[in-house]
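Enquirer: coords please:
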Amino acid sequence: MLAWCLLCSGALQAADPGPSPADQGAAHIVQAQRLERPSVGFTPPPYVLQGDDMPRGGWEAVALPFAQSPQVKVPQQQQQGQPLTTEVWYRLAVPALAPEAGPLYLYLPRWKSDGQIAVYADGRLLYQTDAKFLWNAVNLPLWIPLQGTAGAPAVREVQIRGQRLRHTGAAISSAWVGPSAAIGWRYQARHWLQSDFPAMSSAAFVAAGIFALGVWLLRRHEPLYLLFFATSVVAFVRTLHYFVSRQRLPISDAWFSGLTVSALFWQVLISYLFLSYLHGVHHRRLTITACVVTALVSMLTLPLLPAPPNAAIISPLLYALLLVLGTTLLGVACRDAWRVGSKEAGLLGGWGLISLMSGGYDWLLQSNLLVSVEGIYLGPYSNIGVFFIFSYIMLRRYLAALDGMERVNANLEHRLREREGELALSYERLRETEHRATLAQERQRLMQDMHDGLGSSLTSALHLVRHGKAGSEELAQVLAECMDDLKLAIDSMEPVDADLLLLLATLRFRLAPRLEGMGMELRWEVQDVPPLAWLDAGSALNLLRILQECFANVVKHAQASCIRVECEACAGGIEVRVLDDGHGFDVDAALQARGRGLKNQLRRADAIGASVSWASTAAGTRCVLWLPLQAPGQPPAP
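Expert: Below is the predicted model:
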């Protein structure tokens with residue numbers, strides 16, 4: 001509160017400082033002659049004062065600034081279709097100034113009138129306001145050149161003619177006359193404080209409100225952003241009359257007056273709703289009462305009724321009502337904020353009460369009561385505070401949302417690391433289980449294969465030796481087959497990386513010396529083929545066993561002199577063909593016989609999803625092993 005009082009005091013001193021060394025060559029006019037007389041309607045000012053244009057007698061000396069308070073009564077509004085008005089004249093004597101100081105200017109910090117004024121210099125019209133009765137740039141200081149043409153004589157007297165609605169208040173400040181170098185800084189400081197700065201701050205408030213509206217459109221569940229936008233709009237409308245230009249407004253006086261007055265009530269109501277959402281305490285009856293009062297004020301001030309009341313007359317009464325309503329709403333909001341411990345709501349509510357106090361000051365200034373008319377309105381500066389507090393609250397909520405998101409992300413990251421650790425441990429256990437299962441399967445496969453292959457061959461050799469039926473040649477053949485079985489088992493354990501040609505090359509390396517030792521020619525005719533992803537150790541052993549059986553049948557039964565191995569890609573798979581030029585055999589009879597060679601080939605081919613077929617004639621036999629590109633049940637590669 002103390003800081004706000006100091007700010008107000010500083011603003012007043014900046015707006016109207018005392019004499020300074022920069023004022024050398026200027027005159028501060030604080031005395032004038034005044035005359036007031038009744039009139040009807042608004043008449044245009046004469047271009048040059050002649051004859052009876054300005055009254056001769058009845059003048060009285062007054063001190064400047066001079067102010068009249070409005071009369072609290074409802075007078076007769078019209079006479080012969082024209083409003084009742086009052087014509088007021090002021091005469092300001094201009095002291096003689098040094099001619100070398102340069103052209104002179106008249107600086108009038110403030111004038112207030114619900115009507116119009118005209119400014120004359122020695123009877124010559126220099127300035128007049130637009131023919132608007134209300135909101136005619138009374139908050140803008142006047143800067144009028146008194147010697148705007150070459151050879152203009154020195155001005156001895158300034159006349160000011162004012163015409164306003166009767167029974168309304170009026171005021172005029174003291175005046176300054178001097179060169180621009182001496183008093184121009186006063187005008188610029190006053191204009192910036194009263195008009196430029198409020199205009200810039202209101203525009204910034206609306207820009208922030210539009211941004212908040214965009215946020216609300218994306219986040220409809222957060223009404224605070226919509227209330228922020230509504231507050232910025234009504235605050236802009238409320239402060240518009242502080243900095244409107246001197247040109248005609250695009251709307252009538254009645255609408256503009258009603259909007260500025262009702263906007264203040266809406267601003268208090270929306271601020272209360274904003275506070276209610278901040279601290280979370282709602283008073284239904286109080287809210288309804290405030291809404292009803294605000295709606296009634298809007299109906300009274302806006303020209304919606306057939307005969308609306310004069311805004312210039314009822315506005316002081318409405319401002320008194322606003323002080324009561326605003327104090328009640330904001331006082332309740334501050335109490336609720338203190339009870340629930342909401343610092344944000346307490347800050348905004350406290351500033352709202354301070355703004356009401358400054359509103360009381362503005363009401364006194366507007367009504368010409370107790371306050372110098374040369375002061376400045378504090379309402380725009382209160383809105384600047386509201387803008388910063390609203391922005392601070394929105395920023396805190398935005399940062400709180402970011403902090404919450406960061407905490408959630410950190411929690412999710414921590415939980416993710418925990419789940420990753422658990423998943424890694426689970427995968428490690430699964431790999432160990434799969435490894436143990438693979439070892440068990442490989443052990444079982446080797447045991448089964450050695451039992452069926454190497455074990456069976458060794459058993460046959462042992463049987464021949466024990467019964468004395470085996471010659472050295474026959475025993476050597478059996479032992480050679482045992483070595484082949486052992487080598488195949490070892491070769492199947494070597495990694496082939498799905499390379500069928502590498503597996504066939506290993507088989508060729510094992511069998512070629514033996515076949516050549518038996519006088520048989522081995523021809524190798526293979527082509528590049530795609531890899532087989534399903535070719536693991538078990539599948540490789542089954543494939544080698546199938547081909548070993550083919551070679552064994554040729555060696556034992558076909559009496560062939562040449563074996564040719566072919567390999568090439570075909571539709572949907574790979575074909576491995578083994579051809580010989582020996583004696584053929586009856587395939588069907590061999591399959592129906594009790595022998596297990598061909599049946600073992602069929603069984604092993606079925607185990608790896610392949611197929612094997614034979615075609616035999618007297619000129620030789622052709623064994624075809626077809627291998628799929630994908631394992632059974634596996635989708636085709638893209």
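
Enquirer: what's around the residue nearest to Gly178 when sequence neighbours are not counted, how many residues?
Expert: Computed as C-beta to C-beta, 6 or more residues apart in numbering, the closest residue to Gly178 that is not its neighbour in sequence is Ala26, at 2.6 Å. (Glycine included, C-beta is placed from N, CA and C.) By other C-beta atoms under 10 Å, the residues close to Ala26 number 23.

Enquirer: wait, what's in contact with Ala26?
Expert: 97, 176-179, 182-183 (C-beta atoms under 8 Å, 6 or more residues apart in numbering).

Enquirer: can you add pLDDT and give those residues back as a markdown table?
Expert: Shown next, in a markdown table, are these (pLDDT from 0 to 100):
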| residue | pLDDT |
| --- | --- |
| Leu97 | 79 |
| Trp176 | 94 |
| Val177 | 92 |
| Gly178 | 90 |
| Pro179 | 89 |
| Ala182 | 89 |
| Ile183 | 91 |
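
Enquirer: those residues in helices, which ones?
Expert: Residues of these located in helices (DSSP state H): 182-183.

Enquirer: list phi and psi for Leu259.
Expert: Here is the backbone geometry of Leu259 (degrees, to the nearest 10): phi -70, psi -40.

Enquirer: OK, contacts around it?
Expert: Contacts of Leu259 by C-beta under 8 Å, 6+ apart are 237, 240, 301-302.

Enquirer: go on, Ser611?
Expert: Ser611 sits next to 605, 625-626 when contact means C-beta under 8 Å, 6+ apart.

Enquirer: gap between it and Val578?
Expert: 14 Å (C-beta to C-beta, to the nearest Å).

Enquirer: next: Ser382.
Expert: Counting by C-beta to C-beta, the gap between Ser382 and Val578 amounts to 102 Å.

Enquirer: over to Arg335?
Expert: Here Arg335 is placed at a distance of 101 Å from Val578 (C-beta to C-beta).

Enquirer: who's more crowded, those two?
Expert: Remark: of Arg335 and Val578, Val578 carries more neighbours, 21 against 14, as counted by other C-beta under 10 Å.

Enquirer: that one reaches Asn553, doesn't it?
Expert: No. Look at Val578 against Asn553 with C-beta atoms under 8 Å: they stay out of range, at 9.3 Å.

Enquirer: next, give phi and psi for Met518.
Expert: phi -90, psi 0.

Enquirer: domain map for this structure?
Expert: With domains defined by automatic domain parsing, the chain comprises 30-45+58-178, 193-406, 496-638.

Enquirer: which one, of the ones you listed, ends up nearest to Thr438?
Expert: Nearest to Thr438 among these is domain 496-638 (9.2 Å), distances taken as C-beta to C-beta.

Enquirer: can you give me how far stretch 110-126 is from the chain middle?
Expert: 53 Å (C-alpha atoms, centre = their mean, to the nearest Å).

Enquirer: could you give the average pLDDT over that stretch?
Expert: Across stretch 110-126, pLDDT averages out at 88.

Enquirer: likewise stretch 355-367?
Expert: Mean predicted confidence for stretch 355-367 is 83.

Enquirer: list the buried residues in that stretch.
Expert: Neighbour counts over stretch 355-367 (16 or more other C-beta atoms under 10 Å) mark 355-363, 365-367 as buried.

Enquirer: can you check stretch 566-583 too?
Expert: Quick answer for stretch 566-583 (16+ other C-beta under 10 Å): 566-567, 573-574, 576-582.

Enquirer: what's the span of stretch 515-524, first residue to last?
Expert: Stretch 515-524 has an end-to-end distance of 13 Å (C-alpha to C-alpha, to the nearest Å).

Enquirer: of the buried residues of stretch 355-367, closest to Ala540?
Expert: Relative to Ala540, the closest of those is Ser355; by C-beta to C-beta it sits at 89.2 Å.

Enquirer: and that closest one, which helix or strand is it part of?
Expert: helix 343-366 (DSSP states H and E).

Enquirer: for that helix, name the packing helices and strands.
Expert: Counting contacts by 3 or more C-beta pairs under 8 Å, 6 or more residues apart in numbering; DSSP states H and E, helix 343-366 is packed against helix 2-15, helix 253-279, helix 311-340, helix 379-452.

Enquirer: tell me which of the domains of the chain sits nearest to Glu420.
Expert: Closest to Glu420 of the domains of the chain, according to C-beta to C-beta: domain 193-406, at 20.3 Å.

Enquirer: what bridges to Ala615?
Expert: Arg622 (DSSP bridges).

Enquirer: around it, how many other residues sit close by?
Expert: 13.

Enquirer: which residues does it contact?
Expert: Neighbouring residues of Ala615 by C-beta under 8 Å, 6+ apart: 587, 621-622, 624.

Enquirer: circling back to that earlier point, now do the same for the residue nearest to Gly178: its pLDDT.
Expert: pLDDT, Ala26: 86.

Enquirer: now do the phi/psi pair for it.
Expert: phi -120, psi 160.

Enquirer: tell me how far it lies from Trp192.
Expert: Counting by C-beta to C-beta, the gap from Ala26 to Trp192 is 20 Å.

Enquirer: which one is Leu378 nearest to, not counting chain neighbours?
Expert: Ser358 (3.8 Å).

Enquirer: swap that for Leu547, please
Expert: Using C-beta to C-beta, 6+ apart, the closest residue to Leu547 is Leu507 (6.1 Å).

Enquirer: that neighbour should be in a helix, yeah?
Expert: Yes. Remark: Leu507 belongs to a helix, assigned using DSSP: H, G, I helix; E, B strand; the rest coil.

Enquirer: tell me how many other residues surround it.
Expert: 19.

Enquirer: got it, and Gly375?
Expert: Gly375 has 20 nearby residues by other C-beta under 10 Å.

Enquirer: for Arg110, same thing?
Expert: When neighbours are counted by other C-beta under 10 Å, Arg110 comes out with 25.

Enquirer: what's near enough to touch it?
Expert: By C-beta under 8 Å, 6+ apart, the contact set of Arg110 is 65, 138-139, 141, 171-173, 373-374.

Enquirer: could you redo the last one with a cut-off of 7 Å?
Expert: Going by C-beta atoms under 7 Å, 6 or more residues apart in numbering, Arg110 touches 141, 173, 373-374.

Enquirer: roughly how far does it sit from Leu269?
Expert: In terms of C-beta to C-beta, Arg110 sits 31 Å off from Leu269.
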